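Peer 1: Make a model of this:
(2 chains)
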Amino acid sequence: AQSVTQLDSQVPVFEEAPVELRCNYSSSVSVYLFWYVQYPNQGLQLLLKYLSGSTLVKGINGFEAEFNKSQTSFHLRKPSVHISDTAEYFCAVTRQTGANNLFFGTGTRLTVIP
Amino acid sequence: DAGITQSPRHKVTETGTPVTLRCHQTENHRYMYWYRQDPGHGLRLIHYSYGVKDTDKGEVSDGYSVSRSKTEDFLLTLESATSSQTSVYFCAISESTGGDNQPQHFGDGTRLSIL
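Peer 2: This is a model prediction of the structure:
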């Protein structure tokens, strides 16, 4: 099976500062990777996804992530955060073939400080 | 959110009672999913459906059953609710299971408390 580890449960950062949210995955087969964002009292919204090709993927709201196969990582970055980025962020993985249910990490709560 | 309605949005009930949560979609997507979200666990898949009357178990299916009699509706039933099933439940939909179509649309969730 696949699994995801988000090492940081909470990340506080000042407004306009850069941020990196870390995600490591484990899988014996090829995978697809995703980042979702959840605002308070809402469902999850897809930020970006890595399917194949360029290892640097860009998503909505100025976020980007880099797939690193050798380090089995898919870290999320933003060069300058805004107050509105305060939310919970989830990394998820699914295998490319066969049963491909999503497996989520435990989430990282990003708090942007004015 | 993308034509997904979960009902009820909030429910409080007692241990041992049956509970049914409903997910309704207007997107005509083939795949529907039920997840639960708990602190420290992220989202975990309970059951999913790949068509009318076609369902399969996820990683935390014990104590839950599902039914899908119409494309647009996916019901999650707790036959005899327990306090460990207190959680926030999310429905999600997708056109297919390909990487490009993984659940990209989630409902707003149902907060279920079992006392």
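Peer 1: Excluding chain neighbours, what is closest to residue B:42?
Peer 2: Leaving aside its chain neighbours, residue B:42 sits nearest to residue A:104 (3.9 Å; criterion: CB to CB, 6 or more residues apart in numbering or on different chains). (Glycine included, C-beta is placed from N, CA and C.)
Peer 1: same question, residue A:35
Peer 2: Leaving aside its chain neighbours, residue A:35 sits nearest to residue A:47 (4.3 Å; criterion: CB to CB, 6+ apart).
Peer 1: State the distance from the one you found to residue B:104.
Peer 2: Distance of residue A:47 to residue B:104, given as CB to CB, to the nearest Å: 11 Å.
Peer 1: So for those two, which residue has more residues nearby?
Peer 2: The residue with more neighbours, out of residue A:47 and residue B:104 and counting by other CB atoms under 10 Å in any protein chain shown, is residue A:47; that gives 22 against 18.
Peer 1: pretty sure that one is touching residue A:89, no?
Peer 2: Yes - when contacts are counted by CB atoms under 8 Å, residue A:47 is listed as touching residue A:89 (7.5 Å).
Peer 1: overlap in contacts of the two?
Peer 2: Residues touching both residue A:47 and residue A:89 (CB atoms under 8 Å, 6 or more residues apart in numbering or on different chains) are A:35-37, A:76.
Peer 1: Residues of chain B that sit close to chain A?
Peer 2: Taking CB under 8 Å from any CB of the partner chain, the part of chain B that reaches chain A is made up of B:1, B:4, B:33, B:40-45, B:48, B:58-59, B:90, B:92, B:97, B:99-100, B:102-104, B:106-109.
Peer 1: which residues touch the residue of chain A found nearest chain B?
Peer 2: With CB to the nearest CB, the shortest gap between chain A and chain B falls at residue A:43, namely 3.2 Å. Going by CB under 8 Å, 6+ apart, residue A:43 touches B:1, B:4, B:90, B:92, B:106-109.
Peer 1: how about the nearest residue to it, chain neighbours excluded?
Peer 2: When the adjacent residues along the chain are set aside, residue A:43 lies closest to residue B:106, with 3.2 Å between them (CB to CB, 6+ apart).
Peer 1: Flag every residue of chain A that's near chain B.
Peer 2: So far as CB under 8 Å from any CB goes, chain A lies against chain B at A:4, A:6, A:32, A:34, A:41-46, A:49, A:51, A:90, A:92, A:94, A:96, A:100-107.
Peer 1: Are any of those residues buried, and if so which?
Peer 2: The neighbour-count test (16 or more other CB atoms under 10 Å in any protein chain shown) applied to those identifies A:4, A:6, A:32, A:34, A:43-46, A:49, A:90, A:92, A:94, A:100-107 as buried.
Peer 1: So what's the residue count around residue A:76?
Peer 2: Per other CB under 10 Å, the neighbour tally for residue A:76 reads 24.
Peer 1: what's the helix or strand for it?
Peer 2: If you go by DSSP states H and E, residue A:76 is part of strand A:73-78.
Peer 1: ok, the residue nearest to residue A:35 - contacts?
Peer 2: Residue A:47 makes contact with A:34-37, A:59-61, A:63, A:76, A:89, according to CB under 8 Å, 6+ apart.
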